[in-house]
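**Q** got a predicted structure here, sequence first:
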Amino acid sequence: MKKYLILLFVTLLASNTFAQIQVGNTILTEREVIGGLDVPWEIKWGPDDHIWVTERSGIVSRVNVETGEQYILLNLAPQLYDQYESGLLGMEIHPDFNNGAPYVFMAYTYYSAGGASEKIVYYEYDFDNDALVNETIMVDGIDGNSTHIGCRLLAIDNTTLLVTTGDAQDWMASQDETALTGKTLRIDIDANGGNFGQPKADNPSPYSYVWSIGHRNAQGLALGPNGIIYSSEHGPSNDDELNILEANGNFGWPNVQGFCDNISVDYSYAEDLSSNFTESDYCQEYNVIEPLWSSGTSTIAPSDIIWYDHPSIPEFQNTLLMTVLKDKKLVRFEFNSSGDDIIGETDFFNNEWGRLRDICVSPDGKIYLATNGFNWPSQGPNEIIELYNADYVAESSYNCSTDGCEEIMDASGEYTTLEDCEAACDVSSIEENKKESINFYPNPIAKDGVLYFQNYENPFHLNISNLQGQIVYSNKVQERSLLIQGLLESGIYFLRSNNGNNTKLIVK
């Protein structure tokens, strides 16, 4: 029988089958998906409705969340530099995996002449043999180490991959724009373009992968609903950080630790500071971007972050969740409507499963946590935990197709009621236009602009979804233009006409 633990809003209850955890007014069911893993570092909800996992010792696998069965896709152990925090680290799946780009990106450390180096690569998924094949190197020769080597990967859309690198214990290199350590890198992953694997053409320097500088060891990346990119970062013995990343931004490390306040500065790292040139002076001279949040005079060791926006757990909806290693908890950050100011911070699941390395969310709102033991440097065996609201019943919705209105057993459909769908669904129009894509311009577009449809002839159905897959506009278009003002905020969206493919739209 598990002991009761009451902490903030979290209460652990006993259950005959699975443990139950109360978060606010919601009771979550806890279930182990798989155990016996060797330091799971990255978990991603895959395009096959499995969890894709990297283990730091070199295994990449798919895990069936219902049965716990593990399918090994790749074993990199023979080529890894695997000491302390190094080895196989971050992974990302190309957003167009099922649409002509079956690529899986990952980062790992390997033995080199200098001892350890890090590379960013991608593999192609072999559907016939259920394996990752044909490694292609995108970025090589990043200085490595046994600690402070990052390395989180995030595709913010189907053309852009972000990568965080640690300072590899060479902290002054974080301020060197020619070095790749202590940076956020930005890579072109447009499978239909001619620059795949190269620096993005609109990077601060089109010839460099570097997008932001002054990082110590960022291990979390998340995209918010307003297009904001959040990053969580380890501090030394003080000032873990949560940042909003910006192009060409300088985040201060090692001379700025946390806020520009001259408090808790570790001068063994801040080599450019002196009694005549303080942390505040450095901030002003180098235009340093301050964090949203700092852990202050101690550290908690933040790992990954994710924006949770699903109604099944109302207490977490529209918040940023951070997994924590040293303090062994999950932190919820609540934001203002713009997403640029924290208005609440709450701890959950303290010491319940040990060090929490990573988090992912399924389309139906279930949360998955990768545990990393109870002591540094995260010795196994470890597990993946599932948390879900068993009492939640998703509302059905409807899509308009060539067969009429089809019921979808979640809220992702175009229409919330059958009546709305039938009133708007013109099957004959879809049948006539389904093979013809509707072109639109301008792109990018100002948020107070007008979107024009170039080859409009007949009314068509238009869906606009955000990067989280949520439909923000769904209607039958009967004119040649659509006013964006008041409809879409700045960010990245995907437009789909009738039953066609998604096309990216950038709103500035």
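**A** Okay, I see it.
**Q** what residues are up against the residue most central in space within the chain?
**A** The chain has A222 as the residue nearest its centroid, 3.8 Å off, counting by C-alpha atoms, centre = their mean. Neighbouring residues of A222 by C-beta atoms under 8 Å, 6 or more residues apart in numbering: L154, I229, Y230, S231, D304, I305, I306, W307, L320. Just so you know, the C-beta spots here come from the backbone N, C-alpha and C atoms, and that holds for glycine as well.
**Q** any idea which of those is closest to N195?
**A** Nearest to N195 among those is L154, at 18.9 Å by C-beta to C-beta.
**Q** other residues contacting stretch 126-138?
**A** With C-beta under 8 Å, 6+ apart as the test, stretch 126-138 has contacts from 60, 62, 71, 73-74, 102, 104-105, 119-125, 187, 197.
**Q** quick check: buried residues in that stretch?
**A** Buried residues in stretch 126-138, counted by 16 or more other C-beta atoms under 10 Å: L132, M138.
**Q** kindly report the same for stretch 228-245.
**A** Going by 16+ other C-beta under 10 Å, stretch 228-245 has these buried residues: 228-236, 238-245.
**Q** can you check stretch 78-97 too?
**A** Buried residues in stretch 78-97 (16+ other C-beta under 10 Å): 80-82, 85-97.
**Q** would you confirm that the residue nearest to the centre of the chain belongs to a helix?
**A** No: if the criterion is DSSP: H, G, I helix; E, B strand; the rest coil, then A222 is strand and not within a helix.
**Q** ok, it to V210 distance?
**A** 21 Å (C-beta to C-beta, to the nearest Å).
**Q** equivalent analysis for K366, please.
**A** Separation of K366 from V210 (C-beta to C-beta): 36 Å.
**Q** same question, C425
**A** Per C-beta to C-beta, C425 is found 49 Å from V210.
**Q** also G24?
**A** As judged by C-beta to C-beta, G24 and V210 stand 42 Å apart.
**Q** who's more crowded, those two?
**A** Higher neighbour count among G24 and V210: V210, with 22 against 14, using other C-beta atoms under 10 Å.
**Q** do I have it right that that one meets T181?
**A** No: look at V210 against T181 with C-beta atoms under 8 Å: they stay out of range, at 10.3 Å.
**Q** in contact with A301, which residues are there?
**A** By C-beta under 8 Å, 6+ apart, the contact list for A301 reads H234, D240, V324, L325, K326, D327, R355.
**Q** whoops, A77 was the one
**A** S57, G58, I59.
**Q** same question for stretch 253-270: list its buried residues.
**A** 253-261, 264-265, 269-270.
**Q** where exactly do the strands run in the stretch 301-450 of the chain?
**A** Using DSSP state E, counting those that start in this stretch, the strands of the stretch 301-450 of the chain run over residues 302-308, 319-324, 329-335, 342-348, 356-361, 367-371, 382-388, 397-401, 404-408, 440-441, 450-453.
**Q** out of these, nearest to V39?
**A** Smallest distance to V39 across those (C-beta to C-beta): 6.1 Å, for strand 382-388.
**Q** for K44, which non-adjacent residue is spatially closest?
**A** Closest residue to K44 apart from its sequence neighbours, by C-beta to C-beta, 6 or more residues apart in numbering: W52 at 4.7 Å.
**Q** measure the one you found to Q70 for me?
**A** Distance, W52 to Q70, by C-beta to C-beta: 11 Å.
**Q** which neighbours do the two have in common?
**A** When contacts are counted by C-beta under 8 Å, 6+ apart, W52 and Q70 have S61, R62, V63 as shared neighbours.
**Q** how far away is the second one from F333?
**A** Spelled out, that is R62. Counting by C-beta to C-beta, the gap from R62 to F333 is 30 Å.
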